[in-house]
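>>> Sharing a model prediction with you, sequence too.
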Amino acid sequence: MKSATVLVYVQHLLGIGHQMRAAAIVRAMRAQGLNVTCVSGGEPAGMPDLGGARLIQLPPLRAADSSFRRLVDEMGREIDAEGRARRRDALLSAFRDVRPGVLLIESFPFARWQFRFELLPLLQAAREKGVRVAASVRDILVAKDDPTRVDAIVDILRESFDAVLVHGDPRLVSLDATFGAADRIADLIHYTGYVAPPPPDIAADGPGAGEVVVAAGGGAVGGTLLRTALAARPLTKFASSRWRLITGPNLPPAERQALAAPRGVTIDTMRDDYREILGRAALSVSQAGYNTVMDILVAGARAVLVPFSTDTETEQRLRARLLAARGRVQVISESGLSPSALAQAIDTAAEMPRPDPPDFSLDGANGTARLVAALLTRTPARNGL
């Protein structure tokens, strides 16, 4: 009889978005009665609630910087062959110990290519044991312009995966917008809806009421946005209002300490009641990461988005543009960010009506849990559920 256990692999590199989304999915699977073990390869600090699921921590790795080119350990040392072997062996040991019926791998093979050294052996072990395998991917991928890499992704999916669970809704954006070979894996693709928290229970007063809330997200970048917001404040119609800056847990301490809070400005590091604060706020200013945008949508907040963007990291920029096209947000590019530009966007957003609930699904955690349960109970099918 096939095991009713689900093994979830997640690896965050710089921010905590992947970890937060995976944790929400794990909680939903637990709530639906599934036996879940989560294997995490990122830094262990700040692991979200897993709803009682078992956690196995691999020797942690993270990206050295926002280029994502180098992997380093907790001491900042670049990983070597010995370190890769240690990680691979620990992951395979966890797989043998858990004996899952379904293996859910976050991001790979669309991303996390640096982790092939451990994930390809894991997939081989899953094939040998007849374990069903699903990829867990966000709505928007980092577009690949290398045909060889795209072909390799498709080959891995066709050989080793039963399903690709896309945490989005084609009514906003479909996978083919950022993965040109989506038609070659169409039978594997299942849209779960967006993985979003429930709407906050908002009282009329409380933290955030009437404030401008500026959030840097959970990553190590965002200091520039926070500093620019402070400089923009006196240029906006909210110059005399209260502002709240919320830094992420991975913002470098020196950047956090360099933020000087003038009168009327509060600086926090993370808030468990962030969505409630957003729901009471006059306006939100933030980057455009997946989880940040979900928080804004469920809170119904007016918003200015400043998407994190590099030559290779275009995900946030596209998501922000899609929402702006629907009239839900104002957007400023990182390259165009200045106190005056941010002030103008804030004043424009303040005149917008509070957005209606979105017309696309925000029930992606439960949608994922249902699809994984189907993988556990149905006849094996390397060609979709």
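Received the coordinates, thanks.

>>> Low-confidence ranges, the stretch 251-385 of the chain, go.
Scanning the stretch 251-385 of the chain for pLDDT under 70 picks out 310-312, 378-385.

>>> please redo it, this time with the cut-off set to 90
By pLDDT under 90, the low-scoring segments of the stretch 251-385 of the chain are 251-262, 268-272, 308-314, 334-335, 377-385.

>>> where along it do the strands fall?
265-269, 283-286, 303-305, 330-331 (DSSP state E, counting those that start in this stretch).

>>> May I have the strands that pair with the first one, each with its orientation?
In the sheet, strand 265-269 lines up against strand 243-247 (parallel) (DSSP bridges).

>>> Arg354: neighbour count?
9 (other Cβ atoms under 10 Å). Every residue, glycine included, has its C-beta placed from N, CA and C.

>>> circling back: nearest to Arg158, of the strands of the stretch 251-385 of the chain?
strand 303-305 (36.1 Å; Cβ to Cβ).

>>> Identify the residues contacting Val150.
When contacts are counted by Cβ atoms under 8 Å, 6 or more residues apart in numbering, Val150 touches 144, 179-181.

>>> Show me where the chain has its helices.
For the chain, applying DSSP state H gives helices covering 17-31, 81-98, 116-129, 147-160, 223-232, 253-258, 274-280, 290-299, 315-325, 339-350, 364-377.

>>> circling back to that earlier point, with distance to Ala196 and mean neighbour count added, can I get the strands of the stretch 251-385 of the chain in TSV?
Shown next, in TSV, are the strands of the stretch 251-385 of the chain (distance: least, Cβ to Cβ, whole Å; neighbours: other Cβ atoms under 10 Å):
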stretch	distance to Ala196	mean neighbour count
strand 265-269	22	15
strand 283-286	15	26
strand 303-305	15	28
strand 330-331	20	23
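
>>> Could I get those strands in a markdown table, plus columns for distance to Ala343?
Shown next, in a markdown table, are the strands of the stretch 251-385 of the chain (distance: least, Cβ to Cβ, whole Å):
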| stretch | distance to Ala343 |
| --- | --- |
| strand 265-269 | 15 |
| strand 283-286 | 11 |
| strand 303-305 | 10 |
| strand 330-331 | 12 |
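
>>> among these, which is nearest Phe110?
strand 303-305 (23.4 Å).

>>> Name the residues that touch the closest one?
Applying Cβ under 8 Å, 6+ apart, the contact partners of strand 303-305 are 283-288, 293, 296, 316, 320, 323-324, 328-332, 342, 345-346, 349.

>>> These, buried ones only, as a ChimeraX selection?
A single ChimeraX command selects the buried members of those (16 or more other Cβ atoms under 10 Å):
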select :283,284,285,286,287,288,293,296,316,320,323,328,329,330,331,332,342,345,346,349
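
>>> ok, now which ones touch the nearest residue to Arg30 once chain neighbours are set aside?
For Arg30, ignoring the flanking residues on the chain, the nearest one in space by Cβ to Cβ, 6 or more residues apart in numbering is Gly51 at 3.9 Å. Listed by Cβ under 8 Å, 6+ apart, the contact set of Gly51 reads 26-28, 30-31, 36.

>>> got a winner among the residues you listed for most neighbours?
Most surrounded of these: other Cβ under 10 Å gives Val26, at 29 neighbours.

>>> wait, doesn't that one sit right on Val36?
Yes: applying Cβ atoms under 8 Å as the test, Val26 and Val36 come out as touching, 5.3 Å apart.

>>> any idea of the pLDDT on Phe161?
What the model reports for Phe161 is a pLDDT of 98.

>>> Tell me the spacing between Gly300 and Tyr274.
14 Å (Cβ to Cβ, to the nearest Å).

>>> Looking only at neighbour counts, state which of those two leads.
Of the pair Gly300 and Tyr274, Tyr274 is the one with more neighbours under other Cβ under 10 Å, namely 21 against 17.

>>> Burial check on the nearest residue to that one once chain neighbours are set aside, number of neighbours?
The shortest distance from Tyr274 to any non-neighbouring residue, by Cβ to Cβ, 6+ apart, is to Asp295 (6.3 Å). Using other Cβ under 10 Å, Asp295 has 24 neighbouring residues.

>>> Against Ile189, how distant is Asp295?
Distance from Asp295 to Ile189, by Cβ to Cβ: 26 Å.

>>> Ala64 now?
Here the distance between Ala64 and Ile189 works out to 33 Å (Cβ to Cβ).

>>> Would you mind confirming that Ile105 is in contact with Leu119?
Yes: if you go by Cβ under 8 Å, Ile105 and Leu119 touch, sitting 6.8 Å apart.

>>> Find residues that contact each of these two.
The contact lists of Ile105 and Leu119 share Tyr9, where a contact means Cβ under 8 Å, 6+ apart.

>>> number of nearby residues for Gly289?
Gly289 has 27 neighbours, counted by other Cβ under 10 Å.

>>> Could you double-check that it sits in contact with Gly217?
Yes: between Gly289 and Gly217 there is a contact under Cβ under 8 Å: 5.2 Å.

>>> Looking at the record's assignment, how would you partition the chain?
5-194+362-377, 212-350 (automatic domain parsing).

>>> wait, which of those domains is closest to Ala203?
domain 212-350 (7.8 Å).

>>> Could you tell me the end-to-end distance of the closest one?
End-to-end distance of domain 212-350 (Cα to Cα, to the nearest Å): 10 Å.

>>> Just checking the distance from that domain to the centre of its chain.
Between the centre of domain 212-350 and the centre of its chain there are 17 Å (Cα atoms, centre = their mean, to the nearest Å).

>>> Same check on stretch 37-53?
On the basis of Cα atoms, centre = their mean, stretch 37-53 sits 14 Å off its chain's mean C-alpha point.

>>> could I have it exported to CSV, CA atoms only?
Below are the C-alpha coordinates for stretch 37-53, written out as CSV (Å, rounded to 0.1, in the frame of the first residue of the first chain):
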residue,chain,number,x,y,z
THR,A,37,7.2,16.2,6.6
CYS,A,38,9.0,19.4,5.4
VAL,A,39,12.6,19.3,4.5
SER,A,40,14.1,22.8,4.6
GLY,A,41,17.5,23.7,3.1
GLY,A,42,17.6,27.4,4.0
GLU,A,43,18.6,29.2,7.1
PRO,A,44,16.6,27.8,10.0
ALA,A,45,15.8,31.1,11.8
GLY,A,46,12.3,32.3,11.4
MET,A,47,10.7,29.1,10.1
PRO,A,48,6.9,29.7,10.0
ASP,A,49,4.3,27.6,11.7
LEU,A,50,4.0,24.2,9.9
GLY,A,51,0.7,23.2,11.5
GLY,A,52,2.3,20.4,13.4
ALA,A,53,4.2,18.9,10.4
